[in-house]
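Engineer: pasting the sequence and the predicted model now:
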Amino acid sequence: MLGAVRKTIYILYTIALMVFTVWYANFIYPIIFAHSDSKHAEVVDAQEQGKTEEEQMFEKFLREQGETSTTDLGYMVVKEQYVKGHFHHVGMTIEPDTSNACIKCHGAVPHDKAKTIRGFLNMHAFFLSCELCHIPPKEGQPKWDFRWYDKADGEVVSNPPGLVTTEIDKYGNYGAKISLGVHQDGTFRFINSKKERDFVDEYLKKKDLLGEMEQSKMKKVIHRKVAEKPILCEECHTEDKEPYLPFAELGYPPRRISALTSTEVVGMVKKYRKFYIPNFLMQDEKSDDSKMNKAKEETGSL
Amino acid sequence: MKYPKIAYRNGKRYFYRFSLVQRVQHVILFTTVITLSLTGFPLRYYDQPWAEPLYNFMGGIEVAPWIHRIAGLILLALFVFHTGYWIYLFFKNRIGRLRRENQLTMRNAIREFFSQEMIPNAKDGRDLVDMFKYLLYFTNRPPRYDRISWKEKFDYFAPYWGIPILGPAGAALWFRDEITHYVPGIVLNAFYIMHTDEALLAALFLFFVHWYNVHYSPEKFPLGTVFLTGYLSESDMIHEHYAEYVRTMKEQGLEHEIKPQGHH
Amino acid sequence: MKNIILILGFALLSNLGVSGEKVFASDELNCVLCHKHRGLSRVDENGEFRLFFINEKMVKKGPHSKVKCIDCHRDIDEIPHKPAEKVDCTVECHLEEPSSKQKFTHKPVSEVLSKSVHSKYDAEGNLKELAVKYPDDYPDCKDCHEQPLYRPLSFFKGHAAGISERGLSRCKSCHTKGDFAESFYAHVTSRLQKMRSPKEIVGICARCHGDPQFQKRHELDAVVTSYMETFHGKAVHFGSEAAPDCVDCHVVSGESVHFIEGQDSPTSSVAKGNVATTCRTSECHADAGENIAGYQVHVTYDKDKYPLQHYMLKFFTALMAAVLYFFVIIIFLELLRRLFPNFSFTKSSGADEQGH
């Protein structure tokens, strides 16, 4: 009996060693031939290859994504995202929002149409979810419930402590965003929750199975809740009425609330509204075409 | 110090292989080689994820190069000592005997030189053929190695050729400023390749082939103890040095107790 | 006129200090009211990500902390403002260079750069052929420089990185006003060493010189890869400040670091006749012989350019492959033999037969 066990172990060990030997043969191959391999790799100039400008850009973006830069000052090391041609130091790394369903198609820097304020809108997209402005409550519907969610997994998190700090590198960088939801059977649920995210993933995976007509239909369905007229700046940055967002409930200290609703910010918003906010955001009745034209006419921008 | 050819422990036979001096030399050899590897390869493979933590553990860029140089010096000293030790034994045992027997001629001296146990000979060639016959199932009789098998000779000459390539090249890179007064700069390029590529070969060989022979192989796992005790067990002896086993048993008058070269 | 009123109005607004947050000295227009937001950004027409975020903490860490935003971003004359123009680093700013008492400008640097190998123009002032074809391949300031940051050193008792508070207290016994002492200390000690670590310098050069497409376009060797194979590169990789980076060898000692010349220029630090001098500077291989110039730094193992290295590599590759695969095969067969110890094609030679 013991002999049989010993023999089995012996055979198994021998087979394991054979596997190890094969692995080693594989392992040493690139080590031995390291140089000869890389030297023969032929590089072809993208321009000479006849690639279109767009193809070249796509390759470049693929190459550059996730590039970081490290600055060693001796007494501290600054790690930051590398943005080509960006002179000022970002001084921090940022966790991406991997949970929002809209971002999967629209990206993290989606605002482009309203030239004058697109920078500001993108700035807000950094800590506000898309639906926060683009899905206002329907007429007669009760007000949404607002919560912070974790950028990494989309789950509810408590109000970020970064809101209270005065440190610059924590300012606005909470690893979380505000989004909205409803109370269902006594529990809070984001309207853009895991279910919706999984559905969008599923759609993106299988979209080619749909005919061209069905694709258009599907897009309409996905965007059904998105309102033509989003929540506008002054609905939160207001001195004279209750802001759309309950700042205090969301963890903003009084100091920050008064800044957000201060003459400074509200004055700025008014200035933009008067001179720059494109008319299409103001007038619901205009047709699609004229909206686009209006937007194009705007000149000043960030 | 006189070592008995066969020692008995707990009623089992053990066969003499390495003297204390030889075992100490081996310990110095492997400690320096491992140290040199740990302080050298993180440099060669600096871009691998393990390189930086390992190098920092070995003292980082300020300290590790000095550990490397000191270990290298010790290894070079060992090489010199070993060569001296080997020449001493050759003259004491071989030339001395020839002289006593009044047989000292150039021819005899050369023959003695080539009959030393570490020097490759015709039997190694026959063993190699036997081994391939056995491994490729042309026979089920394993090769019958003598005191030092061809594999062990290879194991022995790998560092014995490696050190004179690695060591002086390493020393030249260390004293790069001084030697550029005497040799062209491109010699440093050549030394660099010699040093790093030979080191790579040595490491890939030692940590797989040699460690297979003494650590991984099913009969040895987790480690053979001969490098500590100097004595090899009877079963290992039968397995690895059957020709010597049979000879020693006969010499010791144990002819009737010789075991067959069976299988494990 | 409207603009001035806007600026004044805005300055007034910001000074009301409703927010209660600190405004840093050089930002008298409170640009950070908006620009402190990390997400202030857009994607431009060329698909480039444009980030308008200003990290005040980082601005304060470098010499530019003394410069006002509008000193560089001159075209901004109203708030809210239109897309800012590209900053021209060669303009004069309000700072005074103390030795000459002249307005400070980076113009001399740009003049040096225009004579270097990195200039788009040749010695006669004509656009280089390659610069016509690939204008983006020639660097301007921002391709190598981000906003500079001080790397102060402490020598007060032993060497350490950072500002020595006790050293600084000596300065402050006389120079009491503002942050003069701090910034002067940081400025001077940063300049006593390299403002950027060697590893960073290599990374900057590698942005272009490490790109195989770039190498192909300009018929250059893979200089970064070959440098990283030298002990210089490895030491720098593991954080040595003493080992040379690209700039240390490619700039003539004593010249502006922006003056890098091609190998074929007779005054270049890497021209055939000058290599030994470059290697034998007092900080480096001071005691080396003339022959050190023969050491080849950027070895590519190319058959024509580096025949010795090429054939040595071939030899060692063959040796390694032969030795290692020979033994790997034997070990594999030996292990396999253990699984079938008694099998053999021929029956005649029995395993039990004793040796002689």
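Structural biologist: Received the coordinates, thanks.
Engineer: show me the contacts for C:Lys272.
Structural biologist: Contact analysis of C:Lys272 by Cβ atoms under 8 Å, 6 or more residues apart in numbering or on different chains lists C:Gln263, C:Ala293. Quick note: C-beta positions are derived from backbone N, CA and C, even for glycine.
Engineer: what parts of the stretch 1-150 of chain B come near chain C?
Structural biologist: B:42-43, B:46-47, B:52, B:55-56, B:60-62, B:131, B:134-142, B:144 (Cβ under 8 Å from any Cβ of the partner chain).
Engineer: wait, isn't C:Val43 in contact with C:Phe49?
Structural biologist: Yes: between C:Val43 and C:Phe49 there is a contact under Cβ atoms under 8 Å: 5.8 Å.
Engineer: okay, and the common contacts of the two?
Structural biologist: In contact with both C:Val43 and C:Phe49: A:Val109, using Cβ under 8 Å, 6+ apart.
Engineer: what subset of the residues of the stretch 1-150 of chain B next to chain C is buried?
Structural biologist: B:42-43, B:46, B:52, B:55, B:61, B:131, B:134-135, B:139-142, B:144 (16 or more other Cβ atoms under 10 Å in any protein chain shown).
Engineer: just checking, which of the residues you listed belong to helices?
Structural biologist: B:Pro42, B:Leu43, B:Glu52, B:Tyr55, B:Ile61, B:Met131, B:Tyr134, B:Leu135 (DSSP state H).
Engineer: go ahead and confirm A:Ala176 touches A:Tyr149.
Structural biologist: Yes: using Cβ under 8 Å, A:Ala176 makes contact with A:Tyr149 at a distance of 6.2 Å.
Engineer: buried ones in stretch A:138-157?
Structural biologist: Here stretch A:138-157 shows A:Trp144, A:Asp145, A:Phe146, A:Arg147, A:Trp148, A:Tyr149, A:Asp150, A:Lys151, A:Gly154, A:Val157 as buried, counting by 16+ other Cβ under 10 Å.
Engineer: cool, stretch C:90-104 as well?
Structural biologist: C:Cys93, C:Phe104.
Engineer: who's in contact with it?
Structural biologist: Stretch C:90-104 has contacts (Cβ under 8 Å, 6+ apart) with C:Lys66, C:Val67, C:Lys68, C:Asp71, C:Cys72, C:Arg74, C:Thr105, C:His106, C:Lys107, C:Ser110.
Engineer: ok, the third one to C:Asn30 distance?
Structural biologist: Going back to what we said before, that points to C:Lys68. Applying Cβ to Cβ, to the nearest Å, the value for C:Lys68 to C:Asn30 is 12 Å.
Engineer: so these two - more neighbours on which side?
Structural biologist: C:Asn30 (22 against 17; other Cβ atoms under 10 Å in any protein chain shown).
Engineer: element containing the more buried one, please.
Structural biologist: Using DSSP states H and E, C:Asn30 falls within no helix or strand.
Engineer: and stretch C:199-208, how far out from the chain middle?
Structural biologist: A distance of 4 Å separates the centroid of the chain from that of stretch C:199-208, by Cα atoms, centre = their mean, to the nearest Å.
Engineer: then stretch C:280-294?
Structural biologist: For stretch C:280-294, the distance to the chain centre is 25 Å (Cα atoms, centre = their mean).
Engineer: hang on, the earlier thing: out of the contacts of stretch C:90-104, list just those in helices.
Structural biologist: C:Asp71, C:Cys72, C:Lys107, C:Ser110.
Engineer: nearest to chain A, of those residues?
Structural biologist: C:Cys72 (8.9 Å; Cβ to the nearest Cβ).
Engineer: what's around that closest one, how many residues?
Structural biologist: With other Cβ under 10 Å as criterion, C:Cys72 counts 16.
Engineer: all strands in the stretch 1-150 of chain A, in order from the N-terminus.
Structural biologist: Taking DSSP state E, counting those that start in this stretch as the criterion, the stretch 1-150 of chain A carries its strands at A:68-72, A:77-81, A:145-150.
Engineer: by contact count, what packs against the first one?
Structural biologist: Here strand A:68-72 is seen to pack against strand A:77-81, helix C:198-209 when contacts are counted using 3 or more Cβ pairs under 8 Å, 6 or more residues apart in numbering or on different chains; DSSP states H and E.
Engineer: give me the contacts around it.
Structural biologist: Contacts of strand A:68-72 (Cβ under 8 Å, 6+ apart): A:77-82, A:89, A:93, C:146, C:149, C:196-197, C:199-200, C:203.
Engineer: can you go through the residues you listed and name the buried ones?
Structural biologist: A:Val78, A:Glu80, A:His89, C:Glu146, C:Leu149, C:Arg196, C:Ser197, C:Lys199, C:Glu200, C:Gly203.
Engineer: so which of the contacts of strand A:68-72 comes closest to A:Gly119?
Structural biologist: Nearest to A:Gly119 among the contacts of strand A:68-72 is A:Gln81, at 17.4 Å by Cβ to Cβ.
Engineer: just checking, A:Phe33 touches C:Thr317?
Structural biologist: Yes: contact criterion Cβ under 8 Å: A:Phe33 and C:Thr317 qualify, at 6.4 Å.
Engineer: show me which of these two is the more surrounded one.
Structural biologist: C:Thr317 (17 against 13).
Engineer: tell me how far the more buried one lies from chain A.
Structural biologist: For C:Thr317, the distance to chain A equals 6 Å [Cβ to the nearest Cβ, to the nearest Å].
Engineer: give me the phi and psi angles of that residue.
Structural biologist: The phi/psi pair for C:Thr317 (degrees, to the nearest 10) reads phi -60, psi -50.
Engineer: then the one 3 residues further on?
Structural biologist: Here the main-chain torsion angles of C:Met320 (degrees, to the nearest 10) amount to phi -60, psi -50.
Engineer: that one against B:Ala202, yeah?
Structural biologist: No: assessed by Cβ under 8 Å, C:Met320 is found out of contact with B:Ala202, at 10.0 Å.
Engineer: for the nearest residue to C:Glu229 once chain neighbours are set aside, grab the count of nearby residues.
Structural biologist: In space, and not counting its chain neighbours, C:Glu229 is closest to C:Val299: 7.0 Å by Cβ to Cβ, 6 or more residues apart in numbering or on different chains. By the criterion of other Cβ under 10 Å, C:Val299 has 23 neighbours.
Engineer: likewise C:Gly289?
Structural biologist: 20.
Engineer: now do the contacts for A:Gly181.
Structural biologist: A:Gly181 touches A:Trp144, A:Asp145, A:Arg147, A:Phe188, A:Arg189, A:Phe190, A:Ile191, A:Ser193, counting by Cβ under 8 Å, 6+ apart.
Engineer: C:Val323 now?
Structural biologist: Applying Cβ under 8 Å, 6+ apart, the residues contacting C:Val323 are B:Leu201, B:Phe205.
Engineer: now the helices for chain A?
Structural biologist: Going by DSSP H, chain A shows helices at A:2-32, A:34-40, A:53-64, A:103-106, A:118-125, A:130-134, A:194-206, A:212-222, A:254-260, A:263-275, A:288-297.
Engineer: just say which of those helices is most tucked in.
Structural biologist: Burial of the helices of chain A is given as mean neighbour count (mean count of other Cβ atoms under 10 Å in any protein chain shown); helix A:118-125 ranks first at a mean of 23.
Engineer: so for that helix, mean pLDDT?
Structural biologist: For helix A:118-125, the mean per-residue pLDDT is 88.
Engineer: that one - contacts with which helices or strands?
Structural biologist: strand C:41-43.
Engineer: which strands border the strand it packs on, and is each parallel or antiparallel?
Structural biologist: strand C:49-51 (antiparallel) (DSSP bridges).
Engineer: show me where pLDDT drops low in the chain?
Structural biologist: If you meant another chain, say so; for now it's chain A. A:1, A:36-49, A:166-171, A:273-302 (pLDDT under 70).
Engineer: should've been chain C
Structural biologist: Looking at chain C by pLDDT under 70, you get C:1-28, C:347-356.
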